[in-house]
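> This is the structure alone, sequence omitted:
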């Protein structure tokens, strides 16, 4: 199962774009990259996922490098409510296991 | 967190007691799993199931049992509770696919304290 590496914490000014990096250098060809976030001790909230191509939805954009060894989650206009722990997860293969890393604590500053 | 229901939300156990955390989903998802989250830590996979009658171990299975007799339910049993099992437990479900890009849905969590 591919592992992920994320910086433990990041700061971002309110209204600016937040760019959260993730390294998944051992990712396999059939494994997807997922991003979730967790506010306090609530259940993880789905943000976005992708396989090869860049993806965008109403919450965020996901940029995956051509070699798929790393990705970046972009929150285009961060607000105080985006302060949370963000998890980058690789999922796929025959067992579909979902393995969480330690995540990045994003602190959005006013 | 639509469709994944966990009970109870809060529970206090004495060391050595047994209990079952319930998880139910009404989305006809084949894949279900249990995670635990200790203070300041990420989620760790305990057990998972890819369909009724099929279960497998995750990263931290010791002290826990699971079964999957129906598609809807995936209970987690603590056989003999220990203080080290004090944690928040999350259940998750998703449609299954061999190369799945399906969204995974999480429950709201069950807070367990073992004294």
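Good, I have the coordinates. Note that this is a predicted model, so its numbers are computed, not measured.

> Give me the nearest residue to residue A:72, chain neighbours excluded.
Once flanking residues are discounted, residue A:72 sits nearest to residue A:63: 4.6 Å by C-beta to C-beta, 6 or more residues apart in numbering or on different chains. Just so you know, the C-beta spots here come from the backbone N, C-alpha and C atoms, and that holds for glycine as well.

> Helix or strand: which one has the one you found?
According to DSSP states H and E, residue A:63 maps onto strand A:61-64.

> Please apply the same query to residue B:12.
Using DSSP H and E, residue B:12 sits within strand B:10-13.

> Now do that strand: everything it contacts.
The contact list for strand B:10-13, computed with C-beta atoms under 8 Å, 6 or more residues apart in numbering or on different chains, reads B:19, B:21, B:78, B:81, B:110, B:111, B:112, B:113, B:114, B:115.

> Now for the residue of chain A found nearest chain B, how many residues are close by?
Nearest residue of chain A to chain B (C-beta to the nearest C-beta) works out as residue A:43 at 3.8 Å. Counted with other C-beta atoms under 10 Å in any protein chain shown, residues neighbouring residue A:43 total 22.

> list the contacts for it?
Taking C-beta under 8 Å, 6+ apart as the criterion, residue A:43 is in contact with B:1, B:4, B:90, B:106, B:107, B:108, B:109.

> Could you give the bridge partners of the spatially closest residue to it that is not a sequence neighbour?
Spatial nearest neighbour of residue A:43, chain neighbours left out: residue B:106 (3.8 Å); criterion: C-beta to C-beta, 6+ apart. According to DSSP bridges, the residues that bridge with residue B:106 are residue B:92.

> Quick one, grab the pLDDT at residue B:106.
On the pLDDT scale, residue B:106 is placed at 91.

> That one: neighbouring residues, count only.
Close neighbours of residue B:106, defined as other C-beta under 10 Å, add up to 23.

> you'd agree it is up against residue B:90?
Yes - judged on C-beta atoms under 8 Å, residue B:106 makes contact with residue B:90 at a distance of 5.4 Å.

> Quick check: closest non-adjacent residue to residue B:72.
Nearest non-adjacent residue to residue B:72, counting by C-beta to C-beta, 6+ apart: residue B:24, 5.4 Å away.

> typed the wrong thing, it's residue B:7
Going by C-beta to C-beta, 6+ apart, residue B:7 has residue B:22 as its nearest residue, at 4.7 Å.

> what's the burial count for residue A:68?
Neighbour count of residue A:68, defined by other C-beta under 10 Å: 19.

> Can you tell me the element the residue lying closest to it once chain neighbours are set aside falls in?
Excluding the flanking residues, the one nearest residue A:68 by C-beta to C-beta, 6+ apart is residue A:27, at 5.4 Å. Per DSSP H and E: residue A:27 is located in neither a helix nor a strand.

> Need the phi and psi values for residue A:27.
phi -60, psi 140 (degrees, to the nearest 10).

> what's near enough to touch it?
Each residue near residue A:27 by C-beta under 8 Å, 6+ apart is listed here: A:2, A:33, A:68, A:69, A:90.

> next one: residue B:87
Shown in contact with residue B:87 (C-beta under 8 Å, 6+ apart): B:36, B:37, B:38, B:112.

> The residue nearest the centre of chain B bridge partners, please.
Central residue of chain B (C-alpha atoms, centre = their mean): residue B:34, 2.6 Å from the mean position. Beta-bridge pairing for residue B:34 (DSSP bridges): residue B:47, residue B:91.

> I'm done for today, thanks for sticking with me.
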